[in-house]
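In: Attaching a predicted model along with its sequence, questions to come.
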Amino acid sequence: MTDKRDTTESEVNVQTEQVAQEAGEETVTAASASADAAKVEGALAEVAAENAALKETLAAVEAERDQLKDQLLRHRAEFDNYRKRTARQSEENRKRAAEGLMRALLPVLDNLGLALSHAEDTSNGFADGVKMVFSQLGDVLTANGLEPIAALGEAFDPNVHEALSHLPSTEYAADTVMEEYQRGYRMGDYIVRPAKVVVSSGAPESAADTAKDVASEEAAEQATSQSEDTQD
């Protein structure tokens, strides 16, 4: 009986030791797992922090990129405007210089035309030479953009015509250029010299119409005088 009891107690002790050993191993395993989890959480936290830092850096880089891009576009637009403004200014300077030269040469062209119009014999060599010079000068001015302004028979336009006088005419309607005293010229929209013209005031009034108008005016004056006398 004693031997059986000792055997049973020994088995119980062995089992108890095995249970304790297994419990210890489980405790060690749990502690190890907890430590590993802590390490993983720490690593994840570091990765999250690095990602946040990278995002901030990326946002700063993108903001700087957008700023540089905006500056580049502005500088490009400013340079393009400067280029266009310079080209426009150069063109205006060229036109102004050309207009001044044209204005200075127009009297020469006028005088050559007058010389030809007053030449009694246009068949001699001298007249032919003047005619050639007149034609060449006109061709050069035309090639540089000078154009004559239409005048005779055209409706009077104060933008391109300068009226020297108004005269009655049976041939031309009222406000129509009936005579060109001096030819005008233009370069595109710029008027180098307006055409000096005489403008028609319409058909002349008949003697009967003139007498009727005078009688009407006298009657109106008489009526006005009588009205003033009555008021007094």
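Out: Arrived safely, thanks for sending. Numbers count the residues shown, from 1 in each chain.
In: Could I get the full set of strands for this structure?
Out: Ranges of strands in the chain, per DSSP state E, are 147-148, 161-167, 177-182, 185-187, 190-193, 195-200.
In: highest average neighbour count across those strands?
Out: Mean neighbour count (mean count of other Cβ atoms under 10 Å) peaks for strand 195-200 among the strands of the chain, with a mean of 21. C-beta: built from backbone N, CA, C; applies to glycine.
In: Return the list of strands paired to that strand, each annotated with direction.
Out: Paired strands of strand 195-200, with direction, are strand 161-167 (parallel), strand 177-182 (antiparallel) (DSSP bridges).
In: Out of the strands of the chain, flag the one nearest Gly42.
Out: Gly42 lies closest, by Cβ to Cβ, to one member of the strands of the chain: strand 190-193, at 82.6 Å.
In: Tell me which stretches of this protein form helices.
Out: Taking DSSP state H, the helices of the chain run over residues 2-118, 125-143, 207-231.
In: one step back: possible to save the strands paired with strand 195-200 as TSV with mean pLDDT and distance to Val133?
Out: What follows is the strands paired with strand 195-200, written out as TSV (pLDDT from 0 to 100; distance: least, Cβ to Cβ, whole Å):
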stretch	mean pLDDT	distance to Val133
strand 161-167	93	28
strand 177-182	92	20
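In: Out of those, flag the one nearest Ile191.
Out: With Cβ to Cβ as the criterion, Ile191 lies closest to strand 161-167 of the strands paired with strand 195-200, at 9.9 Å.
In: how far does that closest one sit from the chain's center?
Out: Remark: strand 161-167 is offset 38 Å from the chain centroid, using Cα atoms, centre = their mean, to the nearest Å.
In: export stretch 182-194 as CSV, just CAs?
Out: C-alpha atoms of stretch 182-194 as CSV (Å, rounded to 0.1, in the frame of the first residue of the first chain):
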residue,chain,number,x,y,z
GLN,A,182,-4.5,119.7,-104.0
ARG,A,183,-4.3,116.0,-104.0
GLY,A,184,-4.3,114.3,-100.6
TYR,A,185,-2.4,111.1,-99.6
ARG,A,186,-2.6,108.5,-96.9
MET,A,187,-0.5,105.6,-95.6
GLY,A,188,-3.0,102.9,-94.4
ASP,A,189,-5.2,104.6,-91.9
TYR,A,190,-2.8,107.5,-91.4
ILE,A,191,-3.6,110.7,-93.3
VAL,A,192,-0.3,112.1,-94.5
ARG,A,193,-2.1,115.1,-96.1
PRO,A,194,-5.8,115.7,-96.6
